[in-house]
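*Asks:* One predicted model, sequence on top.
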Amino acid sequence: MSSKSSLPPLVEPSGELSKDEVARYSRHLIIPDLGMAGQKRLKNAKVLVIGAGGLGSPALLYLAAAGVGTLGIVDFDEVDASNLQRQVIHGESDIGKPKAVSAKESIHEINSNIDVRLHQVRLEPENAIEIFRDYDLILDGTDNFATRYLVNDAAVLAGKPYVWGSIYRFEGQVSVFWEDAPDDSAGEKRGLNYRDLYPEAPPPGMVPSCAEGGVLGVLCASIGSVMVTEAIKLITGIGDPLLGRLMVYDALDMSYRTIKLRRDPDRQPITELIDYDAFCGVVSDEGQAAAAGSTITAVELKQMITAGKDFALIDVREPVEWDIVHLPGATLIPKDRILSGEALAELPQNKPIVLHCKTGIRSAEALAALKKAGFADATHLQGGVIAWAKQVDQSLPVY
């Protein structure tokens with residue numbers, strides 16, 4: 001099989017490699033497809049990784065090990081104990097430390113020659129294009145639709161290719177998006193972007209985040225390594241990148257399959273960055289409307305319990321979440337049973353109802369369904385179980 005890429009190399013080679021660099025990268029240098037020229041391209045490359053979390057962790061480690069000369073990290077979060085199950089760039093001693101700083105330290109432990117640039121900010125429409133301009137390639141390992149659309153649109157406007165990865169429970173996906181990709185040998189345009197795969201964000205609550213639905217830790221390594229493989233191919237001009245193809249990995253079946261992507265003929269040109277939280281609608285309009293004036297805090301819920309008020313406390317999470325932690329006196333009725341109408345008969349008509357979930361998003365959706373069904377005296381808990389554990393009972397575990 002020919003190693004010749006369908007795309008030209010993204011980066012020009014650097015100057016000569018030092019004696020130490022030749023020794024370090026020798027296993028690359030003796031691969032005919034990669035060789036000295038490919039390693040020099042890696043050395044000269046500037047790659048920006050969005051997020052030093054589940055996908056960013058293995059991606060940054062392997063980009064550093066491969067000798068990518070400049071690595072940028074966009075992350076404003078801090079290391080939490082729940083990260084360590086999958087975010088292998090961080091350790092126990094890093095808990096409480098900014099993720100970007102922790103990641104930089106781990107990168108330099110692997111390869112002190114890497115120029116690591118930290119962007120300890122939230123990626124916003126106001127700063128995204130400016131940050132992207134200094135890099136050859138973007139790797140997007142974010143876990144929410146609002147940031148994914150922002151990364152996509154900013155990459156289009158900055159003229160940059162990017163590798164996209166996504167993980168959930170036991171499944172992962174990877175693709176390469178590049179609106180300005182060179183035409184193919186037949187002169188056909190092959191530029192694609194994320195909006196060709198997802199023209200619109202899915203409805204709020206339809207796709208749970210990893211924090212709500214979970215992710216198998218080692219899945220991050222599988223998908224992160226595929227993302228780095230694509231980055232190396234793009235930088236050095238070898239192989240056939242995933243431009244125009246979506247790779248889907250199922251860890252339980254141990255299957256990889258690729259799906260052909262085509263440009264959406266109805267897609268409008270991207271001309272500006274927008275309000276992506278509004279575009280994706282974290283909580284639906286119905287949920288927001290229902291929650292307005294029908295939301296209580298964890299402290300207020302505690303006062304209702306202490307005062308002996310007669311009400312029904314309904315937990316709309318999933319059974320596996322209930323097994324981790326649940327509030328005293330609560331009854332488990334998963335959200336989907338409420339939304340389908342199946343569980344409405346199980347709810348009391350003659351006393352107030354307080355709904356709660358993990359963070360307040362799912363309970364707002366369930367609240368909208370109850371209001372529509374005529375349960376006027378229903379409210380939901382702002383911040384969910386997490387707020388209760390932080391504000392009322394700090395002995396409870398959080399997840």
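*Replies:* The structure has been received and is ready for your questions. Numbering: from 1, shown residues only.

*Asks:* Can you show me the helices along the stretch 51-200 of the chain?
*Replies:* 56-66, 99-110, 128-132, 145-158, 194-197 (DSSP state H, counting those that start in this stretch).

*Asks:* contacting residues around the longest one?
*Replies:* Going back to what we said before, that points to helix 145-158. Residues outside helix 145-158 that contact it (CB atoms under 8 Å, 6 or more residues apart in numbering): 50, 123-125, 128-129, 132-133, 138, 140, 142, 161-162, 164, 166, 177, 179-180, 193-195, 198, 201-202, 207, 270, 272-274, 276-277, 279-280, 282. Heads up, the C-betas are built off the backbone N, CA and C, glycines and all.

*Asks:* Pull out the buried members of those.
*Replies:* With neighbours counted using 16 or more other CB atoms under 10 Å, the contacts of helix 145-158 contain these buried positions: 50, 123, 128-129, 132, 138, 140, 142, 161-162, 164, 166, 177, 179, 193-195, 201, 270, 273, 276, 280, 282.

*Asks:* what's the burial count for E126?
*Replies:* Neighbours of E126 under the rule other CB atoms under 10 Å: 9.

*Asks:* pLDDT at it, what is it?
*Replies:* Per-residue pLDDT puts E126 at 97.

*Asks:* And the residue nearest the centre of this structure?
*Replies:* By CA atoms, centre = their mean, the chain has its centre lying nearest to D143, at 1.6 Å.

*Asks:* and the gap between that residue and V215?
*Replies:* Separation of D143 from V215 (CB to CB, to the nearest Å) stands at 9 Å.

*Asks:* just to revisit the earlier point, so the residue nearest to the centre of the chain sits against E212, correct?
*Replies:* No: at 10.4 Å, D143 and E212 do not qualify as touching, with contact defined as CB atoms under 8 Å.

*Asks:* re earlier: for the residue nearest to the centre of the chain, which non-adjacent residue is spatially closest?
*Replies:* Leaving out its chain neighbours, the residue that sits closest to D143 by CB to CB, 6 or more residues apart in numbering is C210, at 5.3 Å.

*Asks:* Relative to D323, how far out is the one you found?
*Replies:* Distance, C210 to D323, using CB to CB: 18 Å.

*Asks:* who are the neighbours of the helix or strand of the chain with the lowest mean pLDDT, in terms of helices and strands?
*Replies:* The helix or strand of the chain with the lowest confidence, counting by mean pLDDT, DSSP states H and E, is helix 210-213 at a mean of 76. Packing contacts for helix 210-213, counted by 3 or more CB pairs under 8 Å, 6 or more residues apart in numbering; DSSP states H and E, involve strand 162-168.

*Asks:* Report the strands that pair with the strand it packs on, each with its relative direction.
*Replies:* Strand pairing for strand 162-168, using DSSP bridges, gives strand 137-140 (parallel), strand 171-177 (antiparallel).

*Asks:* returning to that earlier point: C210 and D323: which has the busier surroundings?
*Replies:* Shown here are C210 and D323; by other CB under 10 Å, C210 has more neighbours (18 against 9).

*Asks:* contacting residues for the more buried one?
*Replies:* 54, 143, 167-168 are the contacts of C210 under CB under 8 Å, 6+ apart.

*Asks:* Over to K40?
*Replies:* With CB under 8 Å, 6+ apart, K40 has these contacts: 13-17.

*Asks:* Same question for L55.
*Replies:* 139, 141, 165, 167, 220, 223-224, 227.

*Asks:* same thing but 10 Å
*Replies:* By CB atoms under 10 Å, 6 or more residues apart in numbering, the residues touching L55 are 49, 86-87, 139-143, 163-167, 172, 174, 215, 219-221, 223-228.

*Asks:* same check, this time on I314
*Replies:* I314 makes contact with 330-333, 335, 338, 343, 346-348, 353-357, 363, 366, 370, 378, 380-381 under the criterion CB under 10 Å, 6+ apart.

*Asks:* could you redo the last one with a cut-off of 7 Å?
*Replies:* By CB atoms under 7 Å, 6 or more residues apart in numbering, the residues touching I314 are 330-331, 333, 353-355.

*Asks:* who wins for neighbours among the residues you listed?
*Replies:* The contacts of I314, ranked by neighbours (other CB under 10 Å): first place L355, 31 neighbours.
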